[in-house]
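> Any chance you can model this:
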Amino acid sequence: MKRTKVIDALKCTEYGKQITVKGWVRTHRSSKAVDFIALNDGSTIKNVQIVVDPSKVDEETLKQVTTGSCISVVGTLVESPAQGQASEIQCETLEVLGLCGNDYPMQKKGQSFEVMRKNAHLRLRTNTFGAVMRIRHNMAIAIHKYFHEHGFFYFHTPLITASDCEGAGNMFQVTTKNLYDLKKDEDGKIIYDDDFFGEQTSLTVSGQLEGELGATALGAIYTFGPTFRAENSNTPRHLAEFWMIEPEVAFLDQEELMDLEEDFIKYCVRWALDNCKDDLEFLNKMVDKTLLERLQGVLKEDFVRLPYTQGIEILQEAIKNGKKFEFPCNWGDDLASEHERYLVEEHFKKPVIMTDYPRDIKAFYMKLNEPAGDNGSVGYKGAVAPGPTMQGTDVLFPQIGEIIGGSVREESFDKLMGEIDRRGMETDKLWWYLDTRKYGSCPHAGFGLGFERLILFVTGMQNIRDVIPFPRTPKSADF
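Predicted structure coming up:
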């Protein structure tokens with residue numbers, strides 16, 4: 001008989017129908033008269049209850065039905081007299097497909113997330129991680145659906161690259177060379193002419209630069225794939241391998257970019273609320289009791305649009321009034337998560353799109369604003385920004401801080417080269433990127449959204465290592 005998924009069995013009202021369900025045992029309670037088995041197959045947060053007459057199943061077989069064991073049950077679907085469930089299955093035959101010993105790490109309730117990280121190969125079977133992974137799937141569907149409906153093309157950018165998009169140099173090198181016998185020149189620099197690609201290559205930190213090429217040909221593209229950062233950051237907000245969503249759009253200005261950022265993220269939150277109800281309710285009960293309220297709050301109000309200069313003034317005013325921050329927040333500083341969260345959670349109490357950052361804390365490809373007085377260089381009290389600003393548009397979210405980093409891109413070849421020269425950057429690896437500014441350049445803009453940070457917000461989880469199946473962090477590449 002064809003297997004019925006638990007999610008479908010729970011929805012079915014054809015009482016008296018014989019069905020087959022298969023899955024993993026959550027709990028097994030025995031009594032003299034009847035046994036109750038809670039069975040889950042991952043299709044839903046909810047379990048289906050199997051009611052077993054011990055006289056119909058071999059005693060030794062029933063003893064093997066322990067937490068974590070895998071079983072197949074053929075039985076009759078009946079209306080359940082118990083509260084909280086519409087139906088249950090009266091067992092006719094039961095087969096143990098996979099035994100599970102008493103040393104099964106996931107059988108205890110209330111285990112810490114740290115313990116579960118050490119058992120990442122098994123933690124997926126728990127209620128919490130099943131819920132997170134189903135939501136992760138739904139967010140991926142929402143992303144593709146949103147961009148498809150808005151005329152974007154899914155664009156695949158390379159994972160192996162010879163260029164550093166961010167210019168930070170925190171990249172994982174890709175090589176076939178024997179690391180114990182490297183060829184070097186007279187200055188001690190490694191010679192790559194015998195390497196696979198004939199030059200130094202690394203895993204990508206971003207598909208943005210290649211995405212810009214797509215936008216200047218197809219009009220609007222998005223990438224969605226893994227990216228890699230070799231930052232030795234052992235924090236609840238950093239991963240060495242994570243997924244990024246990066247749309248790039250031709251003929252888009254700063255206001256339109258902010259509209260896109262807000263509309264996109266609201267679409268994703270709305271999709272979660274509409275399609276992940278059971279999982280969100282479970283996480284709201286067990287992980288974060290303000291989760292549903294916070295998600296619904298994102299949809300209710302417009303995001304604040306806040307120039308960086310104004311944001312600094314608000315933070316400095318807060319310090320004067322006794323607010324303590326660990327890190328400084330003077331004009332020109334790259335804001336820390338604590339500053340971003342203060343603006344979002346305490347001052348405005350809603351998401352914020354921060355704009356017009358100081359030139360020196362942002363990437364070379366961002367478009368420079370006109371001299372002070374235009375485009376957000378002036379604070380809300382009329383204070384002029386002390387230095388040049390760029391048309392950045394970062395979205396700040398409660399509990400997360402920065403969730404989106406975006407900007408208008410500099411389309412002028414001369415201005416882009418001026419910024420590259422000012423920063424002392426080498427251009428030999430970027431010749432193809434600079435060609436887009438020579439041949440039919442156009443205004444364009446885009447952003448990058450860290451997928452795992454979106455999942456953090458939507459699930460209410462507190463550590464980014466708990467929203468990806470197998471996290472890659474410093475000194476950890478297990479599983």
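> C-alpha only now, for contacts and for neighbours.
Fine.
> what bits of the stretch 201-350 of the chain have low per-residue confidence?
Within the stretch 201-350 of the chain, no stretch falls below the threshold (pLDDT under 70).
> For it, which segments count as strands?
201-203, 220-228, 241-250, 304-307 (DSSP state E, counting those that start in this stretch).
> List the contacts of the shortest one.
Put plainly, it is strand 201-203. The contact list for strand 201-203, computed with C-alpha atoms under 8 Å, 6 or more residues apart in numbering, reads 159, 160, 161, 162, 163, 171, 172, 173, 174, 175, 227, 228.
> before we move on, back to that, among the strands of the stretch 201-350 of the chain, which comes closest to residue 259?
Among those, strand 304-307 comes nearest to residue 259, with 10.4 Å by C-alpha to C-alpha.
> could you redo the strands of the stretch 201-350 of the chain as a markdown table and give each row distance to residue 459 and mean neighbour count?
Listed next are the strands of the stretch 201-350 of the chain as a markdown table, based on distance: least, C-alpha to C-alpha, whole Å; neighbours: other C-alpha atoms under 10 Å:
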| stretch | distance to residue 459 | mean neighbour count |
| --- | --- | --- |
| strand 201-203 | 29 | 20 |
| strand 220-228 | 20 | 23 |
| strand 241-250 | 17 | 23 |
| strand 304-307 | 23 | 19 |
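> Quick one: closest of those strands to residue 435.
strand 241-250 (15.9 Å).
> Given that closest one, what are its sheet partners and their directions?
strand 220-228 (antiparallel), strand 444-450 (antiparallel) (DSSP bridges).
> what's it in contact with?
Under C-alpha under 8 Å, 6+ apart, the answer for strand 241-250 is 206-208, 211-212, 214-216, 219-229, 442-452, 471-473.
> Extract the C-alpha set from it and format it as PDB.
Coordinates of each C-alpha in strand 241-250 appear next as PDB, following Å, rounded to 0.1, in the frame of the first residue of the first chain:
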ATOM      1  CA  GLU A 241      29.600  29.400   4.500                       C
ATOM      2  CA  PHE A 242      26.200  31.000   4.100                       C
ATOM      3  CA  TRP A 243      23.600  31.700   1.400                       C
ATOM      4  CA  MET A 244      23.000  35.100  -0.200                       C
ATOM      5  CA  ILE A 245      20.200  36.600  -2.200                       C
ATOM      6  CA  GLU A 246      21.500  39.400  -4.500                       C
ATOM      7  CA  PRO A 247      19.300  41.200  -6.900                       C
ATOM      8  CA  GLU A 248      20.700  43.800  -9.400                       C
ATOM      9  CA  VAL A 249      18.500  46.100 -11.400                       C
ATOM     10  CA  ALA A 250      19.200  48.400 -14.200                       C
END
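> Which pLDDT does the model give residue 379?
Note for residue 379: predicted pLDDT of 48.
> scratch that, residue 376 is what I was asking about
Residue 376 is assigned 46 on the pLDDT scale.
> before we move on, what about residue 169?
62.
> what's the answer for residue 82, then?
80.
> got it, and the one 10 residues further on?
Residue 92 carries a pLDDT value of 96.
> related to what we said a few turns ago, return the closest of the contacts of strand 201-203 with respect to residue 56.
Nearest member of the contacts of strand 201-203 to residue 56, counting by C-alpha to C-alpha, is residue 227, at 54.2 Å.
> now that closest one: how far from residue 172?
10 Å (C-alpha to C-alpha, to the nearest Å).
> can you pull out the helices in this protein?
6-11, 59-63, 113-118, 120-123, 127-149, 208-218, 254-275, 277-286, 291-300, 308-320, 337-341, 413-422, 431-435, 451-459 (DSSP state H).
> From residue 223, how far off is the residue nearest to residue 174 when sequence neighbours are not counted?
Spatial nearest neighbour of residue 174, excluding adjacent residues (C-alpha to C-alpha, 6 or more residues apart in numbering): residue 202 at 4.8 Å. Between residue 202 and residue 223 the computed distance is 18 Å (C-alpha to C-alpha).
> just residue 33 next, same as before
Relative to residue 223, residue 33 is positioned 58 Å away (C-alpha to C-alpha).
> need the contact list for the closest residue to residue 138 other than its chain neighbours.
Distances taken as C-alpha to C-alpha, 6+ apart put residue 272 closest to residue 138, at 6.9 Å, once the chain neighbours are dropped. The neighbours of residue 272, taking C-alpha under 8 Å, 6+ apart as the test, are 135, 138, 139, 458.
> circling back: looking at the helices of the chain, which is closest to residue 365?
helix 413-422 (6.6 Å).
> And for the closest one, what's in contact with it?
Applying C-alpha under 8 Å, 6+ apart, the set of residues contacting helix 413-422 is 364, 365, 410, 426, 427, 434, 437, 438.
> Could I get the average pLDDT for that helix?
Here the average pLDDT along helix 413-422 is 94.
> Now find how far off-centre it is within its chain.
33 Å (C-alpha atoms, centre = their mean, to the nearest Å).
> now residue 401: how far from residue 345?
From residue 401 to residue 345 the distance is 10 Å (C-alpha to C-alpha).
> ok, those two, which is more surrounded?
residue 401 (25 against 18; other C-alpha atoms under 10 Å).
> Now do the same contact list for that one.
Contacts of residue 401 by C-alpha under 8 Å, 6+ apart are 337, 338, 340, 341, 344.
> And the last one, how close does it get to residue 354?
Taken as C-alpha to C-alpha, the spacing of residue 344 relative to residue 354 amounts to 10 Å.
> What of the second one?
Residue 338 sits 15 Å away from residue 354, taking C-alpha to C-alpha as the criterion.
> These two: who's more crowded?
The neighbour comparison of residue 338 against residue 354 (other C-alpha under 10 Å) goes to residue 354, with 27 against 16.
> still on that earlier bit, among the contacts of helix 413-422, which ones are buried?
364, 365, 410, 434, 437 (16 or more other C-alpha atoms under 10 Å).
> was I right about the last one contacting residue 409?
Read it as residue 437. No: counting by C-alpha atoms under 8 Å, residue 437 does not reach residue 409; the two are 10.8 Å apart.
> who wins for proximity to residue 124 among the strands of the stretch 201-350 of the chain?
With C-alpha to C-alpha as the criterion, residue 124 lies closest to strand 241-250 of those, at 18.1 Å.
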